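Trainee: okay, here's the prediction I keep looking at, along with the sequence it came from:
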Amino acid sequence: MTLDAREFRDAMGCFATGITVVTAKSKDGENVGCTANSFSSVSLDPPLVLWAIAKNANSYDAFIEAKYFAIHVLHSGQEDASRLFATKDVDKFSEIDWTEGEGGTPLLNDYSVRLECTTEHLYEGGDHIIIVGRVFAMDNPDVEPLGFYQGKYAKIVTG
């Protein structure tokens, strides 16, 4: 049975997710970042998370080679940041406030949750590579996250 790629993507879009921006510093010293909703916790002990990057992404090599990276779960007011980091060939870090973390990793100053990680494992995943990171620091200001559902931003209703 052969699945139509567009139909498969649409079906996967029925699973509501949050949106993250993942950042790192390339071995050449360039700040890199991308928007990703392929993010999940893996383990509590040790604290592990995973995300996946497309093999054709501009920042692919930088993330595969990075020892450190940060995952920023975006909050409900950050649709612009999500779009910015999904854009190719633009200086993303000139348009957003950030500071430098461990290993020079660019850390966004605005987020719902921020996880600082070291790369633990890389796994093949079809047209993506799955990156498993060990969380060594986190901040959770408890701000409502930005949701994504059926290809659109969505409000997550709590409580």
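Mentor: Cool, got the structure.

Trainee: neighbours around S94, how many?
Mentor: S94 is flanked by 8 other residues according to other CB atoms under 10 Å. The way it works is simple: take the backbone N, C-alpha and C, and place the C-beta from them, glycine included.

Trainee: same thing with the one 4 residues further on?
Mentor: A count of nearby residues for W98, using other CB under 10 Å, gives 19.

Trainee: what would stretch 121-129 look like as CSV? C-alpha coordinates only.
Mentor: C-alpha atoms of stretch 121-129 as CSV (Å, rounded to 0.1, in the frame of the first residue of the first chain):
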residue,chain,number,x,y,z
HIS,A,121,22.0,10.4,20.3
LEU,A,122,21.3,10.8,16.6
TYR,A,123,18.9,8.3,14.8
GLU,A,124,17.9,7.8,11.2
GLY,A,125,14.3,8.7,10.6
GLY,A,126,13.5,8.6,6.9
ASP,A,127,13.9,12.2,5.5
HIS,A,128,14.7,13.4,9.0
ILE,A,129,17.3,12.8,11.7
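
Trainee: buried ones in it, by neighbour count?
Mentor: Residues of stretch 121-129 classed as buried: H128, I129 (neighbour count, 16 or more other CB atoms under 10 Å).
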